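Participant: Model the following, please.
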Amino acid sequence: MALKLIKQDVQTLRDAFAERSREYDSLRAAGNWAGAILHAGVLLEVALKIVICKHFKVQRLPTAFQVHDLEFLFYCSGQQSALDTNKNLQNNFIAILDNWSMTLRYEGAKSQTESDDVDHALFDIPDGVLTFLTPYF
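Facilitator: Alright, predicted model coming up:
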């Protein structure tokens, strides 16, 4: 029995990450706060899937990873111990979890403050979640 793999390889995921990043920046620049927060979570999701590919030394992930569960993806990324021991990274990850869900696709009305909080949680130096994960791409 063959293992079912997602269609996208790691390079396609990297390309998608770059495109989602540009979209995220555009949404923030336009003041579309809910859209920016939605894209922030998707950006993190794609980043985690890239890190998982590298962690498992595979080009394509099993379909079991076609999920939007950021906690599960972080656990599978091989970086859970860093999250458990770095309180600033942990707080930033929690800030993202508190502000993001795929249900934002159906909602509006997020504030600039909420979007700024998520942006900080992603890109804070040295403990933003994406700042931390990027070297593991």
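
Participant: And residue 117, how close does it get to residue 36?
Facilitator: 11 Å (C-beta to C-beta, to the nearest Å). Every C-beta, even on glycine, is put in place using the N, C-alpha and C of the backbone.

Participant: of those two, who's got more company?
Facilitator: residue 36 (26 against 17; other C-beta atoms under 10 Å).

Participant: Would you check that the more buried one makes contact with residue 21?
Facilitator: No - with contact defined as C-beta atoms under 8 Å, residue 36 does not count as touching residue 21 (11.5 Å).

Participant: pLDDT below threshold where in the protein?
Facilitator: Residues of the chain meeting the criterion pLDDT under 70: 1.

Participant: go with 50
Facilitator: Scanning the chain for pLDDT under 50 picks out no residues.

Participant: and the residue nearest the centre of it, how far is that from residue 4?
Facilitator: With distances taken as C-alpha atoms, centre = their mean, residue 44 lies nearest the centre of the chain, 0.7 Å away. Going from residue 44 to residue 4 by C-beta to C-beta gives 24 Å.

Participant: With residue 21 instead?
Facilitator: As defined by C-beta to C-beta, residue 21 lies at a distance of 28 Å from residue 4.

Participant: more neighbours, those two?
Facilitator: Counted by other C-beta under 10 Å, residue 21 and residue 4 do not tie: residue 21 has more neighbours, with 16 against 9.

Participant: The more buried one belongs to a helix, doesn't it?
Facilitator: Yes - assigned with DSSP: H, G, I helix; E, B strand; the rest coil, residue 21 falls within a helix.

Participant: Now do the contacts for it.
Facilitator: Residues near residue 21 by C-beta atoms under 8 Å, 6 or more residues apart in numbering: residue 43.

Participant: Any buried residues in the longest helix along the chain, and which?
Facilitator: Ranked by residue count and defined by DSSP state H, the top helix of the chain is helix 33-56. Residues 33-53 are the ones in helix 33-56 that count as buried (16 or more other C-beta atoms under 10 Å).
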